[in-house]
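Visitor: here are the coordinates; sequence isn't available:
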Ligand code: HEM
Ligand SMILES: CC(C)=CCC/C(C)=C/CC/C(C)=C/COP(=O)(O)OP(=O)(O)O
């Protein structure tokens, strides 16, 4: 992250999103007319009273100064992989491998296998993040959030970015195929393809890109699941996929709201640039939270496909609902009052709720 953090919304990274001091709550209703780049530019220039977007409002809290760290070559390579997203993907990989192990009696990953699984998945996911930044090097400079990325800022050459992408992708695929056979490696390649070749170009074309992104973000669960012995046809694997896919709606709608001006100005088609009132983003967040819980509960009630009404299945089902509750409440509050404060809370809760739900699902299959 570079530059001092100002009290504007959606600055250089989502960490900045989470850090922001709160500003004037949004009581205003924005009409559902798509934000155009020029409107966005105007709205960024001119503060409007009563509009919550902190880019538009006078900050009431003095900007928190952050010392600008000089980018290093090593740091640039790490940034290219989108490390925060990769870390969370690895959390989902651990959970899906535990759940996958329970699908086949007697399978227990050894320590070196765990290492290979996380290394292979991390490398392929990092390669996808890098390829996305190679592709978007012309548009990333248009948003403050992404302008300081190594390729966008031209600190790194395209050839280096492409070479890094290729090395990571190849290494990761070889590690997965060598240790676990073709299934996790092929899922990794398919995920890479959906994210880089389908999702990335769709971002400037249609808001449906989020659905495709949700598929790309959920597919890696099958890498952990199949590496640990699970089958692509198992209900548990698909419920894991469902949890991940549905979770991404509240997760991303919060970001899409906070960054809507930047997205519009750069020319991205997001729900919140097409419907700037945020009504659709609110509904999608609520429905996503409910569907997330439904997938988690289904897995707890029928881990192997057949319904089991036991204490364990009922208790873990309730725990899934309890774990999802804060995200659901945050989504309802955001839908009712669409402002930065509520969007930021929803984003924060999304990062807590996903590991919590995955933990409950894992506990369900390992003995509860
Ligand atoms: C439709 C799918 C998704 C979209 C459009 C999306 C979008 C984003 C964006 C734009 C950011 C800010 C990136 C940054 O500048 O750091 C972000 C942050 C993040 N995303 Fe997502 N994401 C999606 C799915 C996922 C998935 C599948 C995961 C992992 C399982 C994930 C985990 C994270 C994490 C951990 C952060 C960083 C939050 C922080 O900074 O603390 N996201 N996401
Ligand atoms: C194993 C493997 C290949 C995993 C890759 C899957 C992956 C990286 C999913 C991330 C999901 C996603 C849509 C992130 C946002 O990207 P964005 O382009 O909207 O974010 P940006 O605007 O910050 O660039």
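Guide: Everything's here; your move. Note that the structure is predicted; figures quoted are calculated from it, not measured. Ligands and ions are numbered 1, 2, ... in the order given.
Visitor: what about the closest residue to ligand 1 within the stretch 151-300 of the chain, neighbour count?
Guide: Among all residues of the stretch 151-300 of the chain, residue 217 sits closest to ligand 1, at 2.5 Å; criterion: CB to the nearest ligand atom. All C-beta atoms are positioned from the backbone trio N, CA, C, and that covers glycine. A count of nearby residues for residue 217, using other CB atoms under 10 Å, gives 26.
Visitor: so it makes contact with residue 249?
Guide: No. In this structure, residue 217 is not within contact of residue 249 by CB atoms under 8 Å, at 10.8 Å.
Visitor: tell me which parts of the stretch 151-300 of the chain are close to ligand 1?
Guide: Residues of the stretch 151-300 of the chain that fall close to ligand 1, judged by CB under 6 Å from any ligand atom: 210, 213, 214, 217, 248, 251, 252, 255.
Visitor: make CSV from these and add secondary structure to it.
Guide: Output for those, formatted as CSV (DSSP: H, G, I helix; E, B strand; the rest coil):
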residue, secondary structure
210, helix
213, helix
214, helix
217, helix
248, helix
251, helix
252, helix
255, helix
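Visitor: can the helix or strand where residue 113 lies be said to contact ligand 1?
Guide: Residue 113 belongs to helix 111-135 when assigned by DSSP states H and E. No. Against ligand 1, helix 111-135 shows no contacts by CB under 6 Å from any ligand atom, the least distance being 8.9 Å.
Visitor: so which elements touch that helix?
Guide: For helix 111-135, the packing partners by 3 or more CB pairs under 8 Å, 6 or more residues apart in numbering; DSSP states H and E come out as helix 73-80, helix 83-103, helix 158-180, helix 182-193, helix 200-202, helix 221-227.
Visitor: distance check, residue 212 against ligand 2.
Guide: 8 Å (CB to the nearest ligand atom, to the nearest Å).
Visitor: tell me which element that residue falls in.
Guide: Counting by DSSP H and E, residue 212 is part of helix 209-218.
Visitor: that helix - contacts with which helices or strands?
Guide: Against helix 209-218 (3+ CB pairs under 8 Å, 6+ apart) you get helix 235-258.
Visitor: related to what we said a few turns ago, nearest residue to the residue of the stretch 151-300 of the chain closest to ligand 1 other than its sequence neighbours?
Guide: residue 248 (5.3 Å; CB to CB, 6 or more residues apart in numbering).
Visitor: need the contact list for the one you found.
Guide: By CB atoms under 8 Å, 6 or more residues apart in numbering, the contact list for residue 248 reads 210, 213, 214, 217, 218, 288.
Visitor: reformat those residues as TSV; add pLDDT and distance to residue 204.
Guide: Listed next are those as TSV, based on pLDDT from 0 to 100; distance: CB to CB, whole Å:
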residue	pLDDT	distance to residue 204
210	98	13
213	98	13
214	98	18
217	98	19
218	98	23
288	98	23
